[in-house]
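Visitor: what shape does this take:
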Amino acid sequence: MGLIHGFHKPWTDDDCRALGLAPINGVALRDLAGVLARNYAAVHKYAAKHGYSFERRPRATPPLTLAEMLNLPAS
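Guide: Numbering: from 1, shown residues only. Modelled structure (predicted):
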């Protein structure tokens, strides 16, 4: 039928890049989920599956956008 469920949308290259940048730059997992417009649990599971770990971190105020996330330094 070609339907795409909201919680099972494919991870784009930008999504994966944001996932890699988030722990390096101290971004909270909840903020990352908001940036990616994904369910927190889905992002948590995907991050753990790919070896990323997130400690407790303060939330960003104001929330980050995907463009801001992708402009963060890689190291």
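
Visitor: number of residues surrounding residue 27?
Guide: 22 (other C-beta atoms under 10 Å). All C-beta spots, glycine's among them, are computed from the backbone N, C-alpha and C.

Visitor: distance of it from residue 52?
Guide: Distance, residue 27 to residue 52, using C-beta to C-beta, to the nearest Å: 11 Å.

Visitor: what pLDDT does the most centrally placed residue in the chain get?
Guide: Nearest to the geometric centre of the chain sits residue 32, at 3.5 Å (C-alpha atoms, centre = their mean). Reported pLDDT at residue 32 in the predicted model: 96.

Visitor: give me the below-cutoff pLDDT ranges for the protein.
Guide: For the chain, applying pLDDT under 70 flags the ranges 1-7.

Visitor: for it, which helix is longest?
Guide: Criterion DSSP state H: the longest helix present in the chain is helix 13-24.

Visitor: show me what it is packed up against.
Guide: Contact here means 3 or more C-beta pairs under 8 Å, 6 or more residues apart in numbering; DSSP states H and E; on that basis helix 13-24 packs against helix 29-36, helix 40-49, helix 66-70.

Visitor: ok, back up a step: spell out which residues sit in contact with the residue nearest to the centre of the chain, please.
Guide: 18, 19, 22, 43, 47, 54, 69 (C-beta atoms under 8 Å, 6 or more residues apart in numbering).

Visitor: excluding sequence neighbours, find me the nearest residue to the last one.
Guide: The spatial neighbour of residue 69 that comes closest, neighbours along the chain excluded (C-beta to C-beta, 6 or more residues apart in numbering), is residue 18 at 4.6 Å.
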